[in-house]
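*Asks:* Predicted model, plus sequence, below.
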Amino acid sequence: MKRTTFSEHQRHIGIIGHSISHTMSPAMHTSAFKKLNLDYNYGVMDVSPDMLPNLISALRTLNFRGANVTIPYKEKVIHLVDEVSEEAKIINAVNTIVNNNGRLIGYNTDAHGIYISLAYYAEEIKNNHVVIFGAGGAARAAVYAVAKFFAPKRIMIVNRTLENASAIAKEFGPKFKLTKFFATNDHEVTIREINVAALLINTTSVGMKPLININPLPQDAVIQKDQIVLDIVYNPIETTLLKFAHHAGARTVSGIEMLLGQGAKAFELFTHHDFPMHTAREVVLKELMHVKGSNT
Ligand code: ATR
């Protein structure tokens, strides 16, 4: 059994969530600490909702440096920390908490993960059309990152529940003047938007293990070879959407890039060291070969 020893020297970090047995974060961060010879311990803190406030409070003690936060608590912890970054406020989710001498600061590094995943294609996305599938927390981070870092002409948010997509479009509209935001759950509109988009992003869990044979796009959608497709699902590594896009000759970006990108930013906030990307990537790929389902 893995033992956690509380000492004066070793600093603690953990991932806070519920039902997160397949989280990739411990392996990813532990490999990075080892590579840089840093004395940190990274654990899994699976808590029920009623215990969450006490656990967040405890991060101020016991030599905790902070925590990552995943489902279902990214929104709830906003109200439990002492300060929230501008980015996390706009996205309305905190996925990283840093303990600065007893003061807890909440950050969102998911937007950085999206930025890192797509930075290579910045010129192609700028002033072009983007379609984002889903309207949950991950979609908010994607809409924010794409609008802020790549300034597309328009972003269409496609979601089965129109109200959720419309709420994001309405909220982000006034914040980013170079981009127009729209929402739809209409089949024809979705097909039309897919046809003219430079970039498609899936932020839903559609295609994630164990239900790997499904795809968030309408059945009659066509992907073209000049398009870019990012699927934030990373388990399986090549989702049905990415296979479909790959087959069409499109450029594909795996959710592993977002996983590593958000992890890198969190690691830098915790340690003030550069993230050893190569080492972490190898470990995450190895882990993914062996698990059935996962979250950050
Ligand atoms: P996260 O915070 O990880 O984004 P979430 O808040 O549960 O997770 O959001 C998941 C998004 O994927 C939602 O927009 C959800 O659609 P609804 O707004 O209609 O609930 C979408 N989603 C999840 N499963 C889906 C499915 N099987 N088909 C279509 N959309 C799905």
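*Replies:* Sure, I can see it.
*Asks:* for the protein, what spans make up the helices?
*Replies:* With helices called from DSSP state H, the chain shows them at 25-36, 52-58, 86-91, 110-118, 122-125, 137-150, 162-172, 187-196, 240-247, 255-271, 277-288.
*Asks:* mind listing what's buried in the fifth one?
*Replies:* The neighbour-count check on helix 122-125 (16 or more other Cβ atoms under 10 Å) flags Glu124, Ile125 as buried. The C-beta positions use only the backbone N, C-alpha and C, and glycine is treated the same way.
*Asks:* which strands and helices sit next to that helix?
*Replies:* helix 137-150 (3 or more Cβ pairs under 8 Å, 6 or more residues apart in numbering; DSSP states H and E).
*Asks:* and the angle from the helix it packs on to helix 255-271?
*Replies:* 80 degrees (axes from the mean of the first three to the mean of the last three Cα atoms, to 10 degrees).
*Asks:* which residues sit against helix 137-150?
*Replies:* With contact meaning Cβ atoms under 8 Å, 6 or more residues apart in numbering, helix 137-150 is reached by 74-75, 87, 90-93, 108, 110-115, 118-119, 122, 125-126, 130, 132-133, 152, 155, 157, 159, 168, 172, 175-176, 178-179, 181, 199, 201, 203-204, 232.
*Asks:* Is that helix in proximity to the ligand?
*Replies:* Yes: against the ligand, helix 137-150 shows contacts by Cβ under 6 Å from any ligand atom at Gly137, Ala138, Ala139.
*Asks:* What separation do you get for the second one and Ile91?
*Replies:* What it means is Ala138. 10 Å (Cβ to Cβ, to the nearest Å).
*Asks:* what is in contact with these two at once?
*Replies:* Asp110.
*Asks:* residue ranges with poor pLDDT in this structure?
*Replies:* 1-3, 291-296 (pLDDT under 70).
*Asks:* Domain-wise, how is it divided?
*Replies:* The chain resolves into domains spanning 11-108+257-294, 112-253 when parsed by automatic domain parsing.
*Asks:* neighbours of Ser166, just the number please.
*Replies:* By other Cβ atoms under 10 Å, 18 other residues sit near Ser166.
*Asks:* mind checking how far the residue nearest in space to the middle of the chain is from the ligand?
*Replies:* Residue closest to the average C-alpha location in the chain (Cα atoms, centre = their mean): Asp110, at 4.0 Å. From Asp110 across to the ligand, the span is 9 Å (Cβ to the nearest ligand atom, to the nearest Å).
*Asks:* Excluding chain neighbours, give the residue nearest to that residue in space.
*Replies:* Nearest residue to Asp110 in three dimensions, chain neighbours excluded: Ala141, at 3.8 Å (Cβ to Cβ, 6 or more residues apart in numbering).
*Asks:* re earlier: out of the helices of the chain, which is closest to Val69?
*Replies:* When the helices of the chain are compared by Cβ to Cβ, helix 52-58 sits nearest Val69, at 9.0 Å.
*Asks:* Now that closest one: buried residues?
*Replies:* Neighbour counts over helix 52-58 (16+ other Cβ under 10 Å) mark Leu52, Leu55, Ile56 as buried.
*Asks:* Need the CA coordinates for it. PDB is fine.
*Replies:* Extracted in PDB, the C-alpha atoms of helix 52-58 (Å, rounded to 0.1, in the frame of the first residue of the first chain):
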ATOM      1  CA  LEU A  52     -15.200  19.000   0.300                       C
ATOM      2  CA  PRO A  53     -15.200  22.200   2.300                       C
ATOM      3  CA  ASN A  54     -13.100  20.600   5.100                       C
ATOM      4  CA  LEU A  55     -10.700  19.100   2.600                       C
ATOM      5  CA  ILE A  56     -10.100  22.400   0.900                       C
ATOM      6  CA  SER A  57      -9.600  24.100   4.300                       C
ATOM      7  CA  ALA A  58      -7.000  21.400   5.100                       C
END
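*Asks:* Near the ligand, which residues of the stretch 1-150 of the chain are found?
*Replies:* Close to the ligand, as judged by Cβ under 6 Å from any ligand atom, the stretch 1-150 of the chain has residues Gly134, Ala135, Gly136, Gly137, Ala138, Ala139.
*Asks:* Out of these, the closest to the ligand would be?
*Replies:* Nearest to the ligand among those: Gly136, at 1.9 Å, using Cβ to the nearest ligand atom.
*Asks:* Now do the contacts for that closest one.
*Replies:* By Cβ under 8 Å, 6+ apart, the neighbours of Gly136 are Asn164, Thr203, Thr204.
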